[in-house]
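Engineer: Next one to model:
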Amino acid sequence: MAIDSKTISITAADGQSFSAYRSRPASGDAIGGIILVQEIFGVNDNIRAASDWFAAQGYDVIAPDMFWRQERDVELNAASEEDRNKAMALMQGFDLEASLGDMDAAANLLREDANLAGKIGVVGYCLGGRVAFRMAASDAADAVVCFYPVAISQDLATSTGPQAPLLIHLGAEDHLCPPEAQAAITEHVQKSDTGTVTVHDGVGHAFARLGRSGRAEEAAVSAEAATLDFFKKHLGA
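Structural biologist: The predicted model follows:
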């Protein structure tokens, strides 16, 4: 499917604006909207590729710049030690609550688009997976998918459980989410009738990132197919 992709501007609740990468079918007819929440390396080639892939499946996708309050238009390389250190510093200073408001603004933009049919889904990777997890606890989206979310164990004690249908993909060998954390997340999520956790064997963190191969490629393809099935069921598309 042919797609159109461009950088757009979104107005935050405080009146400031921030950038986002938007991909959608060139026909203008989307089967639903997706907010795609970046990992700690910004809206880089990996996130743009993921956005384009979902757009090619028929969705109108917005990937907001999540770090704009600290530094605008961050694009980092996960293979660079210097960039990894910068990404960790940005994560430490990240304002999660403010970012949730930004995601709401992106979702509202999609809902107001006259060419959009269907509902709004969220896909979050890494730190974006935590943002997506928090969105699942509210009415901010109609269905939420988290790929290898980080640091959500600290949210479990204050969360009443997902309100929106939620699917979490974990890597069995993810050093950022050890077995005890995976067990706690699974127990919490499965309290909901529409919450599911899938643990993918033989892979660690970031198994769905651009450039994957081998077992990571197999796990990513499986997770992405399950994600599309999940959205088809819950977004009505």
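
Engineer: So, low pLDDT: which residues of the protein?
Structural biologist: Residues of the chain that meet the criterion pLDDT under 70 lie in 114-115, 117-118, 237.

Engineer: Check this protein and tell me which residue is nearest its centre.
Structural biologist: residue 124 (1.4 Å; C-alpha atoms, centre = their mean).

Engineer: now that residue, what's its secondary structure?
Structural biologist: Following DSSP: H, G, I helix; E, B strand; the rest coil, residue 124 is assigned to strand.

Engineer: Now do the same contact list for it.
Structural biologist: Shown in contact with residue 124 (C-beta atoms under 8 Å, 6 or more residues apart in numbering): 36, 37, 130, 131, 132, 133, 135, 144, 145, 146, 147, 149. C-beta here means a position set from N, CA and C on the backbone, and glycine is covered the same way.

Engineer: so what's the fifth one closest to, chain neighbours aside?
Structural biologist: This means residue 132. residue 124 (2.9 Å; C-beta to C-beta, 6 or more residues apart in numbering).

Engineer: for residue 222, same thing?
Structural biologist: residue 200 is the one closest to residue 222 (C-beta to C-beta, 6+ apart), at 6.9 Å.

Engineer: Check residue 90 too.
Structural biologist: residue 67 (5.2 Å).

Engineer: ok, longest helix in the protein?
Structural biologist: The longest helix of the chain (DSSP state H) is helix 214-234.

Engineer: Now do the buried residues in it.
Structural biologist: Buried residues in helix 214-234, counted by 16 or more other C-beta atoms under 10 Å: 215-216, 218-220, 223-224, 226-228, 230-231, 234.

Engineer: just to revisit the earlier point, so what's the residue nearest to residue 222 up against?
Structural biologist: Counted by C-beta under 8 Å, 6+ apart, residue 200 has contacts 169, 170, 171, 172, 207, 219, 222, 223.

Engineer: could you redo the last one with a cut-off of 10 Å?
Structural biologist: Listed by C-beta atoms under 10 Å, 6 or more residues apart in numbering, the contact set of residue 200 reads 148, 169-174, 207-208, 215-216, 218-220, 222-223, 226.
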